[in-house]
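> show me how the following folds:
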Amino acid sequence: MGNREQTVLLVSNDAGFCAALRKEFHLNDGRVRVTAVSSLDAARRILEEDYPAVILLEEGAVTAQSDGPRGLAPALETVVATLAMYAPVVVVGPTEKRAELSGLIEGDAVDFVAHEGESLRTAFEAIERRLREARQGAASVEPFDEASEDFGEVLRHQLNNPLTGILGNAELLLAEIHRKNDGKIPQGGERRLETIASLAVRLRETVRRLSQEWEARQHPVP
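Modelled structure (predicted):
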């Protein structure tokens, strides 16, 4: 995968931001194909057929959506947790939105970039870091029997990080339930459960992919 083209999916209704980010990749990384859409519905259609290496979500694309209850936009964490099932997500939004995504950020499923100042450059650097991790992970998986230490590093990174997020959110939720002691899910608990579910799906997909690649190495097609 070191030289194979990778896809970045941009979900933003800011045409200028998308154009500037496309230009950054065109100038700095010819191995990346950038696909830009302006709505969540369009992003969902693409994700039905393709797994990008990284997804960038500009918060304005979520607030512009109004298919939730009573015509309200869906919760940012719910949208991001769903996208994180497919690939790491770089979210660009107002600084105050960071707290809403804390569980996903702690689980390393999401990077958050404040929509101010050098946000374009910061977002580009965050995406590039995720792309490098994907390339390094794929390269380390290839020689299983020759580089067990590298494979161990892949496992630590790709499995341990989502596990940390799952355990952290579960512990916080359980502590809040025990503190209230009324048998009800506390405020914000539903979002933490969604985060746990999305990270668990990501973990399952990672295990499935690594298992398939291991089997392919052990039993090559003649």
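> okay, strands next: where are they in this protein?
Ranges of strands in the chain, per DSSP state E, are 6-11, 32-37, 54-58, 89-93, 110-114.
> now the ones you listed in TSV, with distance to residue 132 and mean pLDDT?
Just so you know, the C-beta spots here come from the backbone N, C-alpha and C atoms, and that holds for glycine as well. As requested, the strands of the chain are exported to TSV (distance: least, CB to CB, whole Å; pLDDT from 0 to 100):
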stretch	distance to residue 132	mean pLDDT
strand 6-11	10	91
strand 32-37	11	90
strand 54-58	10	93
strand 89-93	13	94
strand 110-114	13	93
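> to residue 19, which of those strands lies closest?
Nearest to residue 19 among the strands of the chain is strand 32-37 (8.5 Å), distances taken as CB to CB.
> picking that back up, export the strands of the chain to CSV and tack on mean neighbour count and distance to residue 19?
As requested, those are exported to CSV (neighbours: other CB atoms under 10 Å; distance: least, CB to CB, whole Å):
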stretch, mean neighbour count, distance to residue 19
strand 6-11, 23, 10
strand 32-37, 18, 8
strand 54-58, 26, 13
strand 89-93, 26, 15
strand 110-114, 22, 17
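> and these as a markdown table, adding distance to residue 203?
Output for these, formatted as a markdown table (distance: least, CB to CB, whole Å):
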| stretch | distance to residue 203 |
| --- | --- |
| strand 6-11 | 21 |
| strand 32-37 | 26 |
| strand 54-58 | 18 |
| strand 89-93 | 16 |
| strand 110-114 | 15 |
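> closest one to residue 173 among those strands?
So among those, strand 110-114 is nearest, using CB to CB, at 18.3 Å.
> just want the angle from that closest one to strand 89-93.
Angle between the axes of strand 110-114 and strand 89-93 is 20 degrees (criterion: axes from the mean of the first three to the mean of the last three CA atoms, to 10 degrees).
> list the helices and strands strand 110-114 packs on?
Secondary-structure packing of strand 110-114 (3 or more CB pairs under 8 Å, 6 or more residues apart in numbering; DSSP states H and E): strand 89-93, helix 102-106, helix 119-141.
> partners of that strand, with directions?
Strand 110-114 has its sheet partners listed here by DSSP bridges as strand 89-93 (parallel).
> can you give me the offset of the strand it pairs with from its chain's centre?
Remark: strand 89-93 is offset 9 Å from the chain centroid, using CA atoms, centre = their mean, to the nearest Å.
> which outside residues touch it?
By CB atoms under 8 Å, 6 or more residues apart in numbering, the residues outside strand 89-93 that reach it are 12, 17, 54-60, 76, 80, 83, 97, 101, 104, 109-115, 119, 123, 126-127, 130.
> for the closest residue to residue 107 other than its chain neighbours, give me its contacts.
Nearest non-adjacent residue to residue 107, counting by CB to CB, 6 or more residues apart in numbering: residue 165, 1.7 Å away. The contact partners of residue 165, by CB under 8 Å, 6+ apart, come to 103, 104, 106, 107, 108, 109, 195, 196, 199.
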